[in-house]
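In: structure, please.
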Amino acid sequence: MNALERVRTWLTARRRFEFVATVATVIALTAITGALVLIPKSALPKARPEAAVAQYSAPASSLDPQVGEVRRIMESFGPVVTQHVSGEEGQLSVVFGHPYQRGDVDTLAREIGPAVDTVTGLWGADWPRAAVVAVASSTAEFAALTHATGPVSTEVAAASVSDSFLPGSRPTGQRVVFAADAGRRLGAEGLRDTLRHELTHIAARAETADGSPQWVLEGFAEYCAHRDEQLSLNQLAPTLTARAHSGDLPADLPADPAFTPTATNNAALAYEQAWSANAFIATQYGEPTLVALYHDLATGPQTPATVDTALRRTLDLDHATFLARWRDWLRAHVP
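Out: Numbers count the residues shown, from 1 in each chain. The predicted structure is shown next:
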């Protein structure tokens with residue numbers, strides 16, 4: 001299998017937008033030399049025919065109200081092309097781009113149906129099950145589409161964004177925005193996984209409060225992105241695997257500052273640890289339990305005591321026992 005460059009860095013901003021971008025990591029897709037991290041087939045949604053993809057002018061009443069705004073923003077940066085994707089129950093998704101980005105637009109349009117199914121299979125049907133997706137032509141257009149007020153890092157591959165909303169209300173203005181070079185940097189498989197990751201954030205946003213632990217938010221979204229991929233721990237978490245080989249296992253769940261890339265901070269490791277913690281819960285206790293824990297911990301900032309309470313309530317484990325079993329699970333899956 002060819003090497004796949006996975007570039008993601010996630011940044012979270014309050015109120016009008018949430019940046020989710022990718023920390024640069026390279027996952028070598030080599031032959032599996034050890035135990036696989038397999039997601040039980042029973043936990044996956046049943047396969048369905050690929051969603052219909054067509055280019056047409058959909059009735060305005062069937063489109064997300066923000067579509068006009070997205071088109072107006074993008075047309076100020078040049079001609080716009082669209083793909084509309086119809087869902088099984090009448091939902092309509094839209095992918096925007098510019099003519100030279102037709103390949104990325106088509107790839108994302110093909111992936112929306114399977115991505116919606118994957119996210120719904122984990123989170124449930126209580127979300128719009130449709131998406132507005134845009135591929136920007138520049139950092140300036142990316143900033144305009146994400147309401148960014150400061151500089152946009154060139155490492156940003158994608159972001160999910162929404163309007164401000166009150167707790168308990170349904171978020172509006174939700175969309176996924178890809179950077180101009182995301183297709184080149186990520187490849188088709190990376191675009192697919194990133195779309196699924198971002199749609200997980202969109203599906204869960206109404207139940208997610210600012211300040212919730214990053215290992216829950218990002219690890220859950222990354223677990224969903226890969227839940228139907230039968231890949232080894234080494235393929236999905238190469239930095240974590242390399243450390244585990246030398247006996248260096250996580251002492252605790254990664255703290256929020258660990259997710260910020262700095263010269264002295266290995267943010268890729270934090271994301272891999274977060275994914276593995278969520279994968280451990282899903283494979284050992286079931287995906288419904290993982291979702292229940294997300295609901296429990298995505299309510300805002302947590303203390304060690306509240307995390308311990310949530311683990312006891314959902315897994316019947318205290319914090320220390322959870323960490324010990326997670327580390328045992330990692331040892332068992334290191335090739």
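
In: so what's the residue count around residue 257?
Out: Other residues near residue 257 come to 11 when the count uses other C-beta atoms under 10 Å. Every residue, glycine included, has its C-beta placed from N, CA and C.

In: that one reaches residue 265, doesn't it?
Out: Yes - Residue 257 is within contact range of residue 265, at 7.4 Å (criterion: C-beta atoms under 8 Å).

In: low-confidence ranges, the stretch 201-335 of the chain, go.
Out: For the stretch 201-335 of the chain, the stretches flagged by pLDDT under 70 are 263.

In: and the residue nearest the centre of the chain, what helix or strand is that in?
Out: Nearest to the mean C-alpha position of the chain, counting by C-alpha atoms, centre = their mean, stands residue 197 at 1.7 Å. If you go by DSSP states H and E, residue 197 is part of helix 182-204.

In: downstream of that helix, the next helix or strand is which one?
Out: Heading C-terminal from helix 182-204 (DSSP H and E), you reach helix 214-226.

In: pLDDT score assigned to residue 8?
Out: For residue 8, the pLDDT comes out at 41.

In: and residue 94, what helix or strand is that in?
Out: Going by DSSP H and E, residue 94 is part of strand 92-97.

In: rewinding a little: and the helix holding residue 197, what other elements does it pack with?
Out: strand 4-7, helix 102-123, strand 132-135, strand 158-161, strand 175-178, helix 214-226 (3 or more C-beta pairs under 8 Å, 6 or more residues apart in numbering; DSSP states H and E).

In: give me that answer again for 6 Å
Out: With contacts taken as 3 or more C-beta pairs under 6 Å, 6 or more residues apart in numbering; DSSP states H and E, helix 182-204 sits against strand 4-7, helix 102-123, strand 158-161, helix 214-226.

In: how about it: buried residues?
Out: By 16 or more other C-beta atoms under 10 Å, the buried positions in helix 182-204 come out as 182-183, 185-187, 189-204.

In: so residue 95 makes contact with residue 134?
Out: No - the pair residue 95 / residue 134 is not scored as a contact, 7.6 Å apart, by C-beta atoms under 6 Å.

In: export stretch 188-195 as PDB, just CAs?
Out: The C-alpha coordinates for stretch 188-195 follow below in PDB (Å, rounded to 0.1, in the frame of the first residue of the first chain):
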ATOM      1  CA  ALA A 188      -8.500  10.900  -1.500                       C
ATOM      2  CA  GLU A 189      -8.400   8.800   1.700                       C
ATOM      3  CA  GLY A 190      -7.300  11.800   3.800                       C
ATOM      4  CA  LEU A 191     -10.200  13.900   2.400                       C
ATOM      5  CA  ARG A 192     -12.600  11.000   3.300                       C
ATOM      6  CA  ASP A 193     -11.300  10.600   6.900                       C
ATOM      7  CA  THR A 194     -11.200  14.400   7.500                       C
ATOM      8  CA  LEU A 195     -14.800  14.800   6.200                       C
END
